[in-house]
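1. what follows is a predicted protein model with its sequence.
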Amino acid sequence: MIKRLILHTAAWLVFMGVLLFGAAGTFAWPAAWWYLIEMGVLSLWIGLWLARHDPGLLAERMSVFAQPQQSRWDRLFVTSAGVAWFGWLILMGLDAMRFHWSAPLPVALVSLGSLCVFLCIFMCRFVFRANSFAAPVVKIQASRGHKVIDSGPYAYVRHPMYSAALLFFIGTPLLLGSWWGLAVAPVMAIGLGRRAVREERMLAEQLDGYADYTARVRYRFVPFIW
């Protein structure tokens, strides 16, 4: 499991590096190097923690993004989100380094971006500790005894991992120095919101107690907002 985690993390880092540096046209991009280092360290940190405390969830997190139990609409979403993600990285490389469409960001904003990325992964640890069913695809995990989780961060919002992703959408372009990347972040957040709505419909129909849970916990992403 540990070897697979390391290989999985390394493959993603290499792939992201190819997209970022390929679009930038140079390896002389300190912010991108820091981004990959931060992502690598944090990913291994949370992966090693899962390997010790919840190997079943780690296996789910490293599984393929198209699965037999997964609904067709979620397969379409995951595919579209993957394409959007790759395009987002390429856009930020073109913007921040190759064509310099964006003016350089102040160091304070770049540091804020790094902090947001850290907080996203840190928040995900609390999500994984509370919810052993936090798979990357929308499905009912009957073989693992899927049930409604309403403890930890789920006592405040119904999709705390998506809440953490909002920080990631803000932090990544700030850290990489791309105003254009930041401008795309709301579009990605809207896409995640649409997935949350569809996911809740499915869970309310197929998972016992989920409809009651949505009545108790009113907010999806951000308390008192949505």
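-> Sure, I can see it.
2. so what's the residue count around residue 72?
-> 7 (other CB atoms under 10 Å). C-betas here are computed from N, CA, C, even on glycine.
3. repeat that for residue 210.
-> Using other CB under 10 Å, residue 210 has 20 other residues around it.
4. so it touches residue 204, yeah?
-> Yes. Proximity of residue 210 to residue 204 meets the contact threshold set by CB atoms under 8 Å, at 5.1 Å.
5. got a pLDDT number for the residue nearest to the spatial centre of the chain?
-> Using CA atoms, centre = their mean, the residue of the chain that lies closest to the mean C-alpha position is residue 165, 4.9 Å off. Residue 165 is assigned 97 on the pLDDT scale.
6. same thing with residue 65?
-> We have a pLDDT of 66 for residue 65.
7. could you check the pLDDT of residue 102?
-> Looking at residue 102, its pLDDT is 89.
8. how about the secondary structure of the residue nearest to the centre of the chain?
-> helix (DSSP: H, G, I helix; E, B strand; the rest coil).
9. helix or strand: which one has the residue lying closest to it once chain neighbours are set aside?
-> Spatial nearest neighbour of residue 165, chain neighbours left out: residue 192 (6.1 Å); criterion: CB to CB, 6 or more residues apart in numbering. Counting by DSSP states H and E, the element that carries residue 192 is helix 179-206.
10. please apply the same query to residue 16.
-> helix 2-24.
11. packing partners of that helix?
-> On a contact count with 3 or more CB pairs under 8 Å, 6 or more residues apart in numbering; DSSP states H and E, helix 2-24 meets helix 30-53, helix 72-93.
12. so for the residue nearest to residue 199 when sequence neighbours are not counted, what's the pLDDT?
-> Leaving aside its sequence neighbours, residue 199 sits nearest to residue 138 (CB to CB, 6+ apart; 4.8 Å). pLDDT recorded at residue 138 is 86.
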